[in-house]
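A.B. asks: Coordinates for the following, if possible.
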Amino acid sequence: MTLIPWVIPIRLVDILEIAFVAYVLYALYQLMRGTIAVQIFVGILALYIVQLLVTAADMTILKALFGSISEVFALAVIILFQPEIRRLLLLLGQNPLVRRFMQSPARQERIEEIIVAIGDLSSRRIGALIAFERSTGLRSYVETGAQLHAQVSRDLLVTIFYAQNPLHDGAVIIRDARIEAARCILPVSTNMKLSTKLGLRHRAAVGLTELTDAFVVVVSEETGQISVANNGNLVSNISLTLLEEYLQDALSTKLHPEADGAVAPVPAPTPS
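C.D. replies: Sure thing, here's the model as predicted:
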């Protein structure tokens, strides 16, 4: 009797599918790493293992209980992992091929006025939080504050963040060289890797950049130090010269929509 060896044919499409699934899982891991979503995922995995044991042991009541839970499992996962899913979709939307079709032209931001204003705020140790809209719209955050729709100017920015001004508490959102709103509420990051010494301004800056592609500048009220947040990273204590370079790089995609679309990322923060 002739033994015919079993040969499993491997198609190119199978290799591509495995590579794609591996990339998606790796991307999800990168998004969840250092967040509370890791603990939620571990809890869900533990429940799944318990369900397998219950099914194997043929426990009737528990099988019925887990069966009812599994009916709403997909909806629960979407709700629990909503921030991570949004970030994954945002990364897909930031792909250069996608951005080439979605990019819209924009006016030159008045960077010099902004730099002078931030330098003034820093020297006076006046706390500030300024978010620059890029390709991802920030309308939902604009609507949480007082809408201004005013031209960017040094005097206006300094006045907004002056301690006696009722608009100083919150973020200013800038779009196309215009201050869209002040006193805006931004999402606070839950990243457990951030330093415990960071205040709400810095955590809000990181939180917005985790959910959108905005570029955020923070001025510390305690020290006057200038920090920038981009792509979920925070770099602290930078000079005005370096800030200007970061702003030019961060806004270059909007200033030159015909470019390949890769915005220069802010370097990862150094341990403090």
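A.B. asks: buried residues in stretch 207-222?
C.D. replies: 207-221 (16 or more other Cβ atoms under 10 Å). C-beta here means a position set from N, CA and C on the backbone, and glycine is covered the same way.
A.B. asks: For it, measure first residue to last.
C.D. replies: 21 Å (Cα to Cα, to the nearest Å).
A.B. asks: next one: stretch 232-250
C.D. replies: End-to-end for stretch 232-250, by Cα to Cα: 14 Å.
A.B. asks: and the one helix or strand Ala181 maps to, which strands flank it?
C.D. replies: Assessed by DSSP states H and E, Ala181 sits inside strand 178-184. With DSSP bridges as the test, strand 178-184 is paired with strand 146-151 (antiparallel), strand 171-175 (antiparallel).
A.B. asks: Out of those, which is closest to Ala22?
C.D. replies: The closest of the strands paired with strand 178-184 to Ala22 is strand 171-175. By Cβ to Cβ, the value is 37.6 Å.
A.B. asks: now could you export just the CA positions of that closest one as CSV?
C.D. replies: Included here for strand 171-175 are C-alpha records, laid out as CSV according to Å, rounded to 0.1, in the frame of the first residue of the first chain:
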residue,chain,number,x,y,z
ALA,A,171,-8.0,74.9,25.8
VAL,A,172,-7.8,77.2,22.8
ILE,A,173,-8.4,75.4,19.5
ILE,A,174,-6.8,77.0,16.4
ARG,A,175,-7.9,76.1,12.9
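A.B. asks: Any idea how far it is from the middle of the chain?
C.D. replies: In terms of Cα atoms, centre = their mean, to the nearest Å, the gap separating the centre of strand 171-175 from the centre of its chain is 16 Å.
A.B. asks: can you list contacts of that strand?
C.D. replies: Residues outside strand 171-175 that contact it (Cβ atoms under 8 Å, 6 or more residues apart in numbering) are 109, 114, 128-133, 138, 141-142, 145, 152, 157, 160-161, 179-186, 204, 208, 216.
A.B. asks: Please pick the buried ones from those.
C.D. replies: 109, 114, 128-133, 138, 141-142, 145, 152, 157, 160-161, 179-184, 186, 204, 208, 216.
A.B. asks: Out of the strands paired with strand 178-184, which is closest to Phe41?
C.D. replies: That would be strand 171-175 among those, by Cβ to Cβ, at 30.7 Å.
A.B. asks: got the buried residues for that closest one?
C.D. replies: Using 16+ other Cβ under 10 Å as the test for burial, strand 171-175 gives 171-175.
A.B. asks: can you check stretch 135-155 too?
C.D. replies: For stretch 135-155, by 16+ other Cβ under 10 Å, it's 135, 138, 141-142, 145, 148, 152, 154.
A.B. asks: Low-confidence ranges, the stretch 151-272 of the chain, go.
C.D. replies: Within the stretch 151-272 of the chain, the stretches with pLDDT under 70 are 253-272.
A.B. asks: What ranges does it have for its helices?
C.D. replies: Secondary structure of the stretch 151-272 of the chain by DSSP state H, counting those that start in this stretch: the helices cover 154-161, 200-211, 240-255.
A.B. asks: Redo these as CSV? Include distance to Ile44.
C.D. replies: Output for the helices of the stretch 151-272 of the chain, formatted as CSV (distance: least, Cβ to Cβ, whole Å):
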stretch, distance to Ile44
helix 154-161, 43
helix 200-211, 21
helix 240-255, 36
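A.B. asks: closest one to Asp14 among those helices?
C.D. replies: Nearest to Asp14, of the helices of the stretch 151-272 of the chain and by Cβ to Cβ, is helix 200-211 at 34.3 Å.
A.B. asks: Before I go, just wanted to say thanks for your time.
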